[in-house]
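Visitor: Test case, fold it:
(one chain, ligands or ions: 2)
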Amino acid sequence: MTTFFIADIHLCAQEPAITAGFLRFLREDAPQAEALYILGDLFEAWIGDDDPQPLHAEIARALNTLHQQGIPCFFIHGNRDFLLGRRFARDSLMTLLPEKKVLELYGRRVLILHGDTLCTDDVGYQKFRKKVHNPLIQKLFLMLPLKWRLQIAAKMRAGSKASNSHKDLTIMDVNQHAVVQEMQRHGVEWMIHGHTHRPAIHNVELGEALGHRAVLGAWHEEGSVVKVSADGVELITFPF
Ligand SMILES: O=C(CCCCNC(=O)Nc1ccc(S(=O)(=O)N2CCN(c3cc(Cl)cc(C(F)(F)F)c3)CC2)cc1)NO
Ligand SMILES: [Mn+2]
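Guide: Numbering: from 1, shown residues only. Ligands and ions are numbered 1, 2, ... in the order given. All right, here's what the predicted structure looks like:
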């Protein structure tokens with residue numbers, strides 16, 4: 001039996017090839033898993049479950065079908081789709097998880113999270129994150145007319161593209177101390193996350209023990225999945 005992990009698919013109407021690749025993955029690959037965990041940034045943007053984009057209904061239907069085939073699907077929010085809510089969860093039959101969770105998989109303790117909270121050197125982003133994760137701010141934002149939310153989102157997406165371009169690339173990677181701290185705090189030997197778009201499996205010095213950190217790749221030109229089974233942990237990339 002095998003558990004699949006994916007992240008950073010960044011689905012949006014402007015990238016139909018990624019949508020097609022993801023739907024094929026759900027149809028042909030995901031049914032082999034005993035469970036599918038989506039570790040954030042499934043969507044490039046999310047301004048509320050009431051956004052009537054056909055893409056959302058299409059993806060919800062495909063995830064719903066996977067669940068009906070007996071493959072439960074779990075979701076952790078990313079820095080893009082952090083507003084994905086109960087209505088989409090109900091339509092897609094996905095179970096929403098907290099921002100980090102320890103799983104016991106085949107005798108292995110694994111900490112799963114999106115990964116943006118590990119980028120502690122990116123002080124500007126952590127400030128932005130704190131603001132938009134404030135429940136009151138979220139409530140107020142979601143009360144705005146959809147039209148206004150679309151305009152704010154368009155501005156912020158343009159802004160976040162610009163602000164990331166000049167940032168020293170090392171800022172956009174995880175802070176090693178934050179990684180070690182989280183793994184020790186939760187007593188895990190494995191960590192799986194996305195967000196940095198730097199797929200790899202790293203060794204992590206945890207004092208006397210050796211841990212491992214698996215980073216998922218973004219779905220730009222190809223798919224990326226971590227497969228965990230009793231035999232071990234594999235990071236696989238595949239053409240859509
Ligand atoms: O991305 C990376 C690299 C790191 C990049 C970090 N930057 C990043 O994440 N930017 C970003 C994320 C989401 C969107 S958005 O369009 O989906 N959308 C915008 C408006 N949102 C909002 C919500 C609330 Cl509660 C309150 C407000 C308020 F108050 F500002 F109006 C706005 C909801 C979400 C746009 C940009 N790695 O993966
Ligand atoms: Mn991300």
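Visitor: Just list the residues touching residue 132, thanks.
Guide: Residue 132 sits next to 82, 138, 141 when contact means Cβ atoms under 8 Å, 6 or more residues apart in numbering. Glycine gets a C-beta too; all of them are placed from N, C-alpha and C.
Visitor: Local confidence estimate at it?
Guide: Residue 132 is assigned 97 on the pLDDT scale.
Visitor: any idea how far it lies from residue 16?
Guide: Counting by Cβ to Cβ, to the nearest Å, the separation of residue 132 from residue 16 is 28 Å.
Visitor: Also residue 208?
Guide: Distance from residue 208 to residue 16, by Cβ to Cβ: 50 Å.
Visitor: what do you get for residue 39?
Guide: 23 Å.
Visitor: Spit out the contact partners of residue 83.
Guide: Neighbours of residue 83 in contact, by Cβ under 8 Å, 6+ apart: 46-49, 138, 141-142.
Visitor: switch to 7 Å and redo it
Guide: Applying Cβ atoms under 7 Å, 6 or more residues apart in numbering to residue 83 gives the contacts 46-48, 138.
Visitor: Take those residues and keep only those in strands.
Guide: Judged by DSSP state E, the subset of the contacts of residue 83 located in strands is empty.
Visitor: circling back to that earlier point, give me the more crowded residue out of residue 39 and residue 16.
Guide: residue 39 (27 against 11; other Cβ atoms under 10 Å).
Visitor: Can you read off the pLDDT for the residue nearest to that one when sequence neighbours are not counted?
Guide: Closest residue in space to residue 39, ignoring its immediate chain neighbours: residue 7 at 3.8 Å, by Cβ to Cβ, 6 or more residues apart in numbering. Reading off the confidence values, residue 7 has pLDDT 98.
Visitor: my read: residue 7 touches residue 36, true?
Guide: No. Counting by Cβ atoms under 7 Å, residue 7 stays clear of residue 36, with 11.4 Å between them.
Visitor: Tell me which of those two has more neighbours.
Guide: residue 7 (31 against 24).
Visitor: Can you find the helix or strand of the protein with the lowest average pLDDT?
Guide: helix 146-166 (a mean of 84; mean pLDDT, DSSP states H and E).
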